Each structure stands twice: as C-alpha cells, then as structure tokens.
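In: with the sequence up front, the predicted model follows.
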Amino acid sequence: MKKHVDFLVIGTGIAGLSFALKVAAKGRVCILSKASADEGSTLYAQGGIAAVMNALDTYDKHIQDTLVAGDGLCDEEVVRFTIEESTRRIEELIGWGAQFDRKTTGEFDLAREGGHSEYRVLHHKDQTGAEIERILLKEVKNHPNIELLEHHFALDLITQHHLGAEVNRRTPDIACFGAYVLDEKANRIDTYLAKLTMLATGGNGNVYATTTNPVVATGDGVAMVYRAKGKVANMEFIQFHPTSLYNPMEKPSFLISEAVRGAGGRLCTLKGDYFMSRYDRRLELAPRDVVARAIDSEMKLTGDDHVYLDCSGISKTEILGHFPTIYAKCLSIGIDITKELLPVVPAAHYSCGGIVVDEHARTSIRHLYASGECSCTGLHGANRLASNSLLEALVFSHRAAEDAKTQVDALSYCNDIPEWNDEGMVLNEEMILITQSLREVQSIMSSYVGIVRSNLRLQRALDRLAIIYRETEELYNRSVHSLKLAELRNLIKVGYLIIKMAMARKENRGLHYNIDNIVNK
Ligand code: FAD
Ligand code: SIN
C-alpha cells in the first residue's frame with residue numbers, strides 16, 4: 001500500500017506530538033508510534049522541565065549552568081536561543097492545559113537539580129512527563145488534520161537510494177521521501193510518501209543492560225539516518241543517571257529523580273560513609289557525570305552492588321507531596337523512604353548525541369527533520385544539564401515547524417518509489433536467537449562501554465559486537481521483517497556508533513571517561 005501525507009512524524013513523545021500540532025494547520029499529518037501512543041520516555045519524565053520562570057532567575061544563569069555541564073562542547077548560540085525561548089514554550093504548554101505545581105502564594109513551586117545554580121525546574125509532582133504527554137496527546141487526538149497510528153514501526157527512511165541512485169556518506173544532496181513502515185497488526189510493510197518527515201524516535205538506553213528507558217528506546221531514528229548516510233555525532237556521550245532504584249531483575253530500572261537530591265537527599269555507602277564531599281564541592285548537586293562516577297568509584301572500592309540515598313533530611317510532607325510516585329514505588333518493594341535508606345545504582349539514562357541538526361532541526365538529509373532525544377542539537381555538549389531535554393524537544397520542534405510551514409507548499413511527492421519487496425524472505429522461526437543476541441549486545445555495552453572506559457575494553461566491545469552484527473545482518477537479509485529483529489539491528493548500529501566515537505575521542509570530557517586518556521586532560 002502507498003500512502004501520501006504532507007508531514008510524516010515518527011514518534012509520539014513530546015518532540016513528535018508538539019511538532020505535529022504546530023504543522024497541522026498547514027497540511028495533512030500522519031504520526032506514528034511503534035507501541036501505544038503514550039509509551040516513550042516522555043511519559044516517565046519525573047523531575048520536570050527547566051525554564052526561567054521567576055524574577056530571581058535569569059537566562060544568563062541558566063545558560064551558564066548549561067555550558068558548565070556541557071564541559072566545553074555546547075554550541076553557545078544554540079544554548080542561548082533554547083534558553084531564551086524557554087519561557088514562551090512553557091507558556092504554550094500551559095495554554096494547552098499542562099498543570100505545574102504551585103505554592104500557596106500562586107508562584108511556581110520550582111525544584112532544583114544537579115548542575116543548576118537556581119530553583120528553576122517546573123514539575124507536576126514527580127509525574128511531569130505524564131502530564132505533558134497527556135495534554136499533547138489529547139490535542140493531537142482532537143485535531144482533524146492529524147492521523148495517529150499506533151503499532152506502526154518505521155523500518156527505514158526512503159531516499160534516492162531506493163530509486164537506484166548511488167548514495168554515499170559524502171553525497172551532499174541526499175533527500176528523504178518518507179519511510180517504509182511495518183503495520184504490526186496487518187503484518188504488512190507499507191510505503192509512506194511524505195513531503196516532509198520528522199524523526200522524533202527518542203533515545204537508545206536499551207543498548208545497555210541497565211537503563212531507566214522504556215523498551216521502545218532502541219535508537220531507531222539514529223540507525224535509520226546512519227543507514228541513509230546522514231550525519232550522526234557525539235554518540236559517546238551517554239548519560240548515566242546516578243540514582244535508579246536498585247531492584248535487580250526489574251526492567252526498566254525505576255528512576256529516583258535528581259529532584260530528591262535537590263530536596264536534600266544524600267548519598268552514602270552501605271557502611272554509612274557520606275562520600276560526595278571527597279569528589280566535588282557541589283556535593284550531591286554536582287552535574288550527573290561527576291555524581292555517577294563518584295558512585296561507580298565507591299562501588300568499585302567497597303565491592304558493593306549499590307549505594308544508599310538517605311532521604312531523612314526531607315520532610316515527610318515534602319516526600320508525600322512532591323514525590324508520591326517514588327514513595328509508592330519504594331513502598332511496594334518494602335522500603336519506606338521516610339524512614340529507611342533507599343538503595344540506588346547508576347543506569348543508562350540519556351543519549352546526548354544523535355542525528356546532527358541545525359538551528360531549525362534540519363538534518364543533513366533534505367526534507368528530514370529530527371527533534372528530541374534522537375537529535376544532536378549542540379545544546380547538551382558533552383553532558384546534559386538535568387531537565388533540559390524536555391525543553392530542547394519543545395524548542396526544536398517549534399523551530400522545525402516554523403521552517404516546515406514555509407517549505408511544504410513548494411514540495412511534491414516522489415512517486416517513483418518502489419514498494420517494499422520481501423520476495424524470497426522466510427519466516428524466522430528462531431525468535432529466541434533475537435532475544436539472546438539482544439542480551440549479548442546489552443551485556444557487551446554494559447561491561448565494556450559503561451561509565452569508566454579503557455582502550456582495551458572498547459576494542460573488546462567492538463570485536464564482540466562485530467560477530468553479532470554479521471549474524472544479525474545475515475538473518476535480517478533472509479527473514480520476513482519483525483519489529484524485534486529490526487530493533488536488534490538498530491541497537492547493534494547504535495552500539496557500534498557509541499564505541500567508534502568513544503574510540504575516536506582522545507580526551508576525557510563530560511560523560512566520556514577513558515582511563516587511557518587521563519594524561520590528555
Ligand atoms: P520519546 O518520548 O521517547 O518518544 C519516542 C517515540 O518514538 C515513541 O512514541 C516511540 O514509540 C516512537 N518510536 C521510536 N522508534 C520508532 C519507530 N522505528 N517507528 C515508529 N515509532 C517509533 N528529561 C527532562 O528534561 N526532565 C525530566 O524530568 C526527565 N526525566 C526522565 C525520566 C526518565 C525515567 C527517562 C527515561 C527520561 C527522562 N528525561 C527527562 C529525558 C526525557 O524524558 C526524554 O529525553 C524525552 O522525553 C524524549 O522525548 P522524545 O519525544 O524525543 O522521545
Ligand atoms: C530526574 O528527574 O532526575 C530526571 C531529570 C532528567 O533526566 O532531566
């Protein structure tokens with residue numbers, strides 16, 4: 001089947017939904033989700049969204065905090081406009097119905113997180129993402145120009161390559177004409193032709209064994225762009241959140257928001273040693289890379305599987321009022337955080353790199369935008385400041401929409417695109433191989449490409465991944481496509497990019513820390 005739309009949007013998190021809403025007045029929009037529409041990292045965002053919303057704070061302070069966290073790799077111009085546009089984007093969210101917690105005085109109840117010099121994180125209890133997803137989805141579902149399709153998986157972008165043209169990574173003029181999409185319920189691969197396509201496919205935490213990311217975060221957008229010979233960068237900067245709940249076997253790992261440390265939570269070893277003063281004068285509110293490395297180092301020194309977060313300095317009223325989800329979750333596994341220490345461990349959380357975009361969220365491929373966690377805008381540099389990602393998605397989706405609205409009328413469809421051909425493909429009867437390979441990939445990445453890296457470990461990871469890559473490509477080339485197989489293939493590509501970019505970076509910067517680079521910084 002061939003389908004024609006003006007705007008094809010792949011992803012129904014904050015980036016995809018906000019873009020769809022803004023372009024819908026200009027043409028027909030089709031927005032895809034590979035799972036149910038609300039499933040994605042946005043739904044689970046806890047701490048909140050950073051923005052300058054009161055008189056005590058200034059854009060300059062927020063800019064400075066973002067640059068410090070980014071450790072010299074941020075694009076200063078991008079940081080400036082993103083933060084200067086924060087207030088307008090938040091007001092828009094509120095206009096759509098988002099409710100952020102307020103004090104009895106009516107002012108916003110702003111929280112503080114690692115790396116922030118001010119209280120500036122707007123939140124809806126510890127369910128900020130769910131609140132944002134709720135209001136955006138409601139708007140999208142009510143919009144007559146938007147068609148929302150769940151359980152539709154974008155397999156690959158369509159470019160000139162599908163017309164038989166020679167495309168290589170140096171070809172400056174690659175264009176995107178839409179995507180091949182697996183309709184999971186109909187079990188069919190359809191051709192979606194679009195004048196403009198937006199990738200909003202989120203992160204890639206599932207390349208690691210322990211992650212806070214939901215299972216849909218498999219780096220599909222990055223892998224699709226890389227296969228289409230588009231530009232991808234900064235993949236070595238994987239952010240490990242310092243505090244996920246230590247509850248072995250639970251996947252994904254449950255996040256313990258940084259806002260808990262902002263409210264007074266302190267880290268200690270199992271023996272009760274409060275160690276952060278040995279690592280950074282900002283203590284528990286140092287940027288995430290510093291805190292995650294400190295925990296990693298303490299766990300290695302003590303041989304323990306986790307450290308503790310001590311919440312005794314936070315009042316019970318604050319815990320129940322601001323962190324009801326975290327409180328209830330911990331209680332469900334027998335820990336009352338108003339009375340007991342909370343076991344925590346770092347987990348892969350956020351990808352600072354991704355598809356390279358310009359200030360209008362345009363990728364290196366014509367007619368293709370990217371926004372949200374799958375993109376690399378220059379805002380985060382080598383380490384993202386907490387709660388800057390929801391903001392980044394709003395700002396870049398807005399800018400992309402403004403740009404797309406000026407382009408779309410002049411564009412037409414490319415009608416020569418062939419339909420997907422899976423003649424000769426066989427049904428893969430060994431699904432278990434896919435699951436096993438996935439576990440191997442996750443184990444390789446967690447063992448060798450974690451918080452602290454070395455040249456030897458990176459080389460080992462690359463060699464081991466190469467074997468799984470060959471096996472998976474062989475399987476992919478002869479099998480009828482399934483979502484799980486395509487996701488595995490994407491995760492292998494993402495793992496490869498993380499390792500290669502980590503090998504290429506010969507300095508320790510932000511989130512990338514290689515013991516063999518110590519002399520270089
Ligand atoms: P997502 O919200 O992840 O959405 C991705 C969408 O893409 C999904 O709809 C998915 O189905 C779809 N998709 C993916 N691949 C395909 C495909 N091949 N075909 C079709 N559809 C596809 N950031 C903050 O700023 N503040 C916070 O407090 C915060 N807390 C967080 C807490 C947790 C537990 C996690 C995991 C992240 C948190 N983050 C936070 C990060 C932030 O939530 C994410 O970076 C952000 O929500 C990403 O939004 P997105 O729209 O890019 O992607
Ligand atoms: C958190 O609540 O700690 C997550 C915030 C973020 O990832 O930005």
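Out: On my side now, so go ahead. Numbering: from 1, shown residues only. Ligands and ions are numbered 1, 2, ... in the order given.

In: give me the mean pLDDT for the helix or strand hosting Val68.
Out: Using DSSP states H and E, Val68 falls within helix 59-70. For helix 59-70, mean pLDDT is 97.

In: are that helix and ligand 2 in contact anywhere?
Out: No - Helix 59-70 stays clear of ligand 2 (C-beta under 6 Å from any ligand atom), getting no nearer than 10.8 Å. The way it works is simple: take the backbone N, C-alpha and C, and place the C-beta from them, glycine included.

In: output the contacting helices and strands for that helix.
Out: helix 76-84 (3 or more C-beta pairs under 8 Å, 6 or more residues apart in numbering; DSSP states H and E).

In: in the helix it packs on, what counts as buried?
Out: Residues of helix 76-84 classed as buried: Val78, Val79, Arg80, Thr82, Ile83 (neighbour count, 16 or more other C-beta atoms under 10 Å).

In: what of stretch 259-272?
Out: Residues of stretch 259-272 classed as buried by neighbour count (16+ other C-beta under 10 Å): Ala259, Val260, Arg261, Gly262, Ala263, Gly265, Arg266, Leu267, Cys268, Thr269, Leu270.

In: residue contacts, the second one?
Out: Contacts were defined as C-beta atoms under 8 Å, 6 or more residues apart in numbering; by that measure Val260 touches Thr243, Leu309, Cys311, Ile314, Phe323, Ile326.

In: how about JSON lines for these, with neighbour count added?
Out: Formatted as JSON lines, the contacts of Val260 follow (neighbours: other C-beta atoms under 10 Å):
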{"residue": "Thr243", "neighbour count": "30"}
{"residue": "Leu309", "neighbour count": "22"}
{"residue": "Cys311", "neighbour count": "28"}
{"residue": "Ile314", "neighbour count": "20"}
{"residue": "Phe323", "neighbour count": "26"}
{"residue": "Ile326", "neighbour count": "23"}
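
In: list the buried ones in the helix holding Val68?
Out: Neighbour-count burial for helix 59-70, counted by 16+ other C-beta under 10 Å, picks out Tyr59, Lys61, His62, Ile63, Asp65, Thr66, Leu67, Val68, Ala69, Gly70.

In: which other residues reach it?
Out: Contacts of helix 59-70 with the rest of the structure, by C-beta under 8 Å, 6+ apart, involve 50-52, 74, 76, 79-80, 83-84, 86, 115-118, 120, 287-288, 379-385, 388, 510.

In: can you do 6 Å?
Out: Helix 59-70 is contacted by residues 52, 74, 79-80, 83-84, 115-118, 287, 380-383, 385 when judged by C-beta atoms under 6 Å, 6 or more residues apart in numbering.

In: could you measure from Ile515 over to Ala292?
Out: 16 Å (C-beta to C-beta, to the nearest Å).

In: swap that for Gly13, please
Out: For Gly13, the distance to Ala292 equals 24 Å [C-beta to C-beta].

In: comparing those two, which residue is more hemmed in?
Out: Between Gly13 and Ala292, counted using other C-beta atoms under 10 Å, the more crowded position is Gly13 (32 against 27).

In: so what does the more buried one have for phi and psi?
Out: Per-residue torsions, Gly13: phi -90, psi -160 (degrees, to the nearest 10).

In: Leu368 too?
Out: According to degrees, to the nearest 10, Leu368 has phi -130, psi 120.

In: residue in the chain nearest to ligand 2?
Out: Gly47 (2.5 Å; C-beta to the nearest ligand atom).

In: ok, that residue - how many residues close by?
Out: Taking other C-beta under 10 Å as the criterion, the count of residues near Gly47 is 24.

In: could you dump the buried residues of stretch 259-272 into TSV and include secondary structure?
Out: Output for the buried residues of stretch 259-272, formatted as TSV (DSSP: H, G, I helix; E, B strand; the rest coil):
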residue	secondary structure
Ala259	helix
Val260	helix
Arg261	helix
Gly262	helix
Ala263	coil
Gly265	coil
Arg266	strand
Leu267	strand
Cys268	strand
Thr269	coil
Leu270	coil
